[in-house]
Structure formats: structure tokens, C-alpha cells
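Asks: Sharing a model prediction with you, sequence too.
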Amino acid sequence: MSAIGVSQASAMALDVNKAKDSVASIFEILDSKPEIDSISEEGTTLSSVRGDIEFQHVSFKYPTRPDIQIFKDLCLSMPFGQTMALVGESGSGKSTVISLIQRFYNPDPGQIFLDGVEIRKLKLSWLRQQMDY
């Protein structure tokens, strides 16, 4: 009887260690500071928005897939009032363009401009309020 109890206790000890490791990694994630702080009040706003968007030499890889290059040296101009379609295969970067404009991610390297102002200088909550689908 006692041999069974000891073997069960040692099996539970392994589970306790796994749980400790899991909790430690969760706290590591919670304690990390995001590259883009979505609740930050820093940044400027524009008194009026025309809507010209420009990508200058933008390269990008998703942080979770650093081995896959989505864009390399992308230059794109989207003038206000012009209709534009982003067309391509699944995974070719169409949604990524929108995610970069909304600053869910930052290009690395490269710059994105709204009406001539680099979007990293704009207040993030204000920038996202300007978007409409």
C-alpha cells in the first residue's frame, strides 16, 4: 500500500514542477512591456486628416514567425480619394498592410506616414479612431 502512495506522490511532484514552470512563464509574459503600448496617451494628433498614406521602404516579419519575410522594402502611396485594391494569394500581406497602418505592429525597418506625419509620432488611440472600413 505504501509503495503505491509513494509512486503517486512522486508523479504529483512532477505535475507540481510543471505547474510552477507554467506559472513562471505566464508571469514573464504579464510582466513584459509591449513594443506598442495601446493605452499610452503619448503622441500628437492632427487638427484635420486628409487621408494620404505612404509606406516608405517598409520591411516586416511577424514576431511569431521571424523566419518568414512578409514585406521587404515595400514602397506604396495611397493618396486620399483614390480607390485601391490589395490583391494577392492568402498570406501575401494584404491584411498586414492594414495591421501596420493601425499600428498593431511596427515595420522593421521602414516608415509609414499619414498626411506626411510618421504614424509612430501620432497618439495611438487617436490614430485608430481615424480608421473606417
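Replies: Right, received. Where do you want to start? In this text, all values refer to a predicted model and were calculated from it rather than measured experimentally.

Asks: if I look at R65, how far off is L76?
Replies: 22 Å (CB to CB, to the nearest Å). In this view, the C-beta of every residue, glycine as well, is placed from N, C-alpha and C.

Asks: Those two: which has the busier surroundings?
Replies: L76 (14 against 9; other CB atoms under 10 Å).

Asks: In a strand, the more buried one, correct?
Replies: Yes - using DSSP: H, G, I helix; E, B strand; the rest coil, the assignment for L76 is a strand.

Asks: Downstream of the helix or strand bottoming out on mean pLDDT in the chain, the next helix or strand is which one?
Replies: Here the helix or strand of the chain ranked lowest by mean pLDDT, DSSP states H and E is helix 2-31, holding a mean of 71. Once the chain leaves helix 2-31, the next helix or strand it forms, by DSSP states H and E, is strand 53-60.

Asks: mind listing what that following strand pairs with, with the direction of each?
Replies: The sheet places strand 53-60 alongside strand 71-78 (antiparallel), strand 111-114 (antiparallel), with pairing taken from DSSP bridges.

Asks: domains in the protein, as residue ranges please.
Replies: For the chain, automatic domain parsing gives the domain ranges 1-32, 53-129.

Asks: May I have the residues that are in contact with the residue positioned nearest the centre of the chain?
Replies: Residue closest to the mean C-alpha point of the chain, counted by CA atoms, centre = their mean, is Y105 at 3.3 Å. By CB atoms under 8 Å, 6 or more residues apart in numbering, the contact list for Y105 reads 36, 60, 62-63, 96, 99.

Asks: one more time with 6 Å
Replies: Shown in contact with Y105 (CB atoms under 6 Å, 6 or more residues apart in numbering): S99.

Asks: How confident was the prediction at it?
Replies: On the pLDDT scale, Y105 is placed at 95.

Asks: Fine by me, thanks again.
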